[in-house]
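1. Pasted the sequence and its predicted model underneath.
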Amino acid sequence: MIDLTSRVKNYVLSCGANLVGICWIDNLAEEHRKKVLTLLPEAKTAVVFVCRHSYTAMASENINILKFDTLTVYENINRISLGLVRFLEDEGFKAMAIPPYLPIEMSKETSGLIGDVSLRHLAVEAGLGILGLNRLLITKDYGPRVRIGAVLTSANLNPDKKLEDNFCNNCKLCIKSCPVKAIGEDGILNVRKCAANVLKYGLPTLIRFIPELAGKSKDEISKIIRDPLFWNIWQTLTLGAFYECFECIKVCPIGKRFSV
């Protein structure tokens with residue numbers, strides 16, 4: 001009879017994930033462990049998986065292709081997460097999916113930039129990869145061209161080992177490619193610089209845009225809402241495709257298959 005851990009992994013891979021691993025909640029750093037247990041006090045393990053981007057899309061210079069690929073990858077993660085939760089609950093265990101990017105807490109403390117649980121750290125603990133200089137998860141096969149999903153569960157699944165080798169060759173291409181110089185050589189990421197660029201038509205721009213409408217005449221408002229800036233904000237809010245920069249992902253040589 002196949003054990004539950006193997007069945008869980010086989011299920012996740014059969015649904016379209018590219019990699020899957022298990023981590024013990026007790027092995028997480030204290031700050032991450034506390035956040036997990038706040039969500040699910042009975043959590044014993046986390047099932048962590050990644051779905052890769054299209055290699056061809058990630059080599060494209062067309063931002064719409066990149067954004068669409070990201071949306072479809074997240075849709076796949078959502079589908080896998082929901083199925084896994086139901087799978088584990090049908091086995092008699094509690095299970096809870098972690099949002100892969102939205103919704104997250106919108107507060108002055110988080111600035112809308114910090115999720116309930118760090119999926120990157122769960123993935124590292126589950127042996128799926130390492131953290132690169134760009135602070136993204138880097139996998140051996142796909143580099144940073146992946147998105148992460150995770151399900152917390154009360155099931156005692158068998159954990160995977162963290163990767164011991166640091167296969168990042170420290171080429172610093174991610175640092176050189178960053179258009180806003182948000183990645184430091186010390187491995188520290190200026191999150192606010194990065195977010196302002198990545199979320200170009202998201203919340204930061206919306207906050208600046210709304211006051212422009214205050215006190216404007218009907219003709220002035222009509223002119224503003226006919227500006228492509230407003231159209232891009234509308235499209236972003238409609239689709240939920242917020243990411244506008246992929247440079248540090250595209251240049252990473254690890255797992256790179258195609259170039260423009």
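-> Now that the structure is in, tell me what you want to look at. Numbering: from 1, shown residues only.

2. Give me the next element, helix or strand, following the worst-scoring helix or strand of the chain on mean pLDDT.
-> Scoring the helices and strands of the chain by mean pLDDT, DSSP states H and E places helix 203-213 at the bottom, with a mean of 83. The first helix or strand that comes after helix 203-213 along the chain, using DSSP states H and E, is helix 218-225.

3. Next, the buried residues of the very next helix or strand once past that following helix.
-> Note on helix 218-225: by DSSP H and E, the next helix or strand toward the C-terminus is helix 228-239. Neighbour-count burial for helix 228-239, counted by 16 or more other C-beta atoms under 10 Å, picks out Phe230, Ile233, Thr236. For every residue, glycine as well, the C-beta is placed using N, CA and C.

4. How much space separates Cys178 from Glu185?
-> Applying C-beta to C-beta, to the nearest Å, the value for Cys178 to Glu185 is 11 Å.

5. sorry, back to before: same for the least confident helix or strand of the chain, what does it pack against?
-> helix 218-225, helix 228-239 (3 or more C-beta pairs under 8 Å, 6 or more residues apart in numbering; DSSP states H and E).

6. now that helix and helix 218-225, what's the angle there?
-> Calculated by axes from the mean of the first three to the mean of the last three C-alpha atoms, to 10 degrees, helix 203-213 forms an angle of 160 degrees with helix 218-225.

7. residues of helix 203-213 that come out buried?
-> By neighbour count on 16+ other C-beta under 10 Å, the buried set for helix 203-213 is Leu203, Pro204, Thr205.

8. For Leu213, state which of the residues you listed is nearest.
-> Of all the buried residues of helix 203-213, Leu213 sits closest to Thr205, with 13.4 Å by C-beta to C-beta.

9. Quick one: residues contacting the residue lying closest to that closest one once chain neighbours are set aside.
-> Among residues not flanking Thr205 along the chain, Ile233 sits closest, at 6.3 Å (C-beta to C-beta, 6 or more residues apart in numbering). By C-beta atoms under 8 Å, 6 or more residues apart in numbering, Ile233 lies in contact with Tyr201, Thr205, Leu206, Phe209.

10. and those as TSV, adding distance to Leu28?
-> Output for these, formatted as TSV (distance: C-beta to C-beta, whole Å):
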residue	distance to Leu28
Tyr201	34
Thr205	35
Leu206	34
Phe209	39
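
11. May I have the phi/psi pair for Ser60?
-> Reported as degrees, to the nearest 10, the phi and psi values for Ser60 are phi -80, psi 150.
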